[in-house]
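1. take this sequence and fold it.
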Amino acid sequence: MDQKHLHNISWIPIVFIGLGTIILGAGWLFHPEPWLLDQPPNETLLKTTFVELFRENINKNLPDYLLVIYRFLGWWIISIGMLIIGFVQVTKMGSALARNLILIIIFIILTGAYYMVFNFLPTSPFKNFMHFFAVLWFLSVIGSMGLKK
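-> Purely as a prediction, here's the structure:
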């Protein structure tokens, strides 16, 4: 495969990872009750339902607290997506350093996310997104490996 196609394979999947994280973050940021997006794994982890949890008088303000936490999470995920896309735009992934740096960082993020999900939220619906991001990451690695330094 020629260098132009390999270069495209190295950076396009990373942009899709950035776009995907922005979309996921927007879900947490704008959903009226974002803790319900992954309700089953959360309730499994808590060993109770949200209805039971919120019913207790001591937890009457818990939905407000969760809303702030999830909004922060959403904004943080959107920020990561914007940084990924910005990095790719600025560097054009034109050097081995730029490609290796972003691939290592995304690998660390994915590894941490896999650890968290599989150890604490194994029934999370977001596992499919993580698998998709891992495939995109792998495609970028393959494209990057074929490029001349």
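2. where does pLDDT dip in this structure?
-> Within the chain, the set of residues satisfying pLDDT under 70 is empty.
3. what residues of the helix or strand hosting residue 81 count as buried?
-> Here residue 81, judged by DSSP states H and E, is contained in helix 62-91. The neighbour-count criterion (16 or more other Cβ atoms under 10 Å) identifies 66, 70, 74, 77, 78, 80, 81, 84, 85, 87, 88 as the buried residues of helix 62-91. The way it works is simple: take the backbone N, C-alpha and C, and place the C-beta from them, glycine included.
4. from the contact counts, what lies against the very next helix or strand once past that helix?
-> Once helix 62-91 ends, the next helix or strand along the chain (criterion: DSSP H and E) is helix 96-120. Contacting helix 96-120 under the criterion 3 or more Cβ pairs under 8 Å, 6 or more residues apart in numbering; DSSP states H and E are the following elements: helix 3-30, helix 62-91, helix 127-146.
5. residue nearest the centroid of this protein?
-> Most central in the chain under Cα atoms, centre = their mean is residue 21, positioned 4.7 Å from the mean C-alpha point.
6. coming back round to it: any idea of the angle the helix holding residue 81 forms with helix 127-146?
-> Between helix 62-91 and helix 127-146, the angle comes out at 20 degrees (axes from the mean of the first three to the mean of the last three Cα atoms, to 10 degrees).
7. got phi/psi on residue 2?
-> Geometry field for residue 2 lists phi and psi as phi -80, psi 160, criterion degrees, to the nearest 10.
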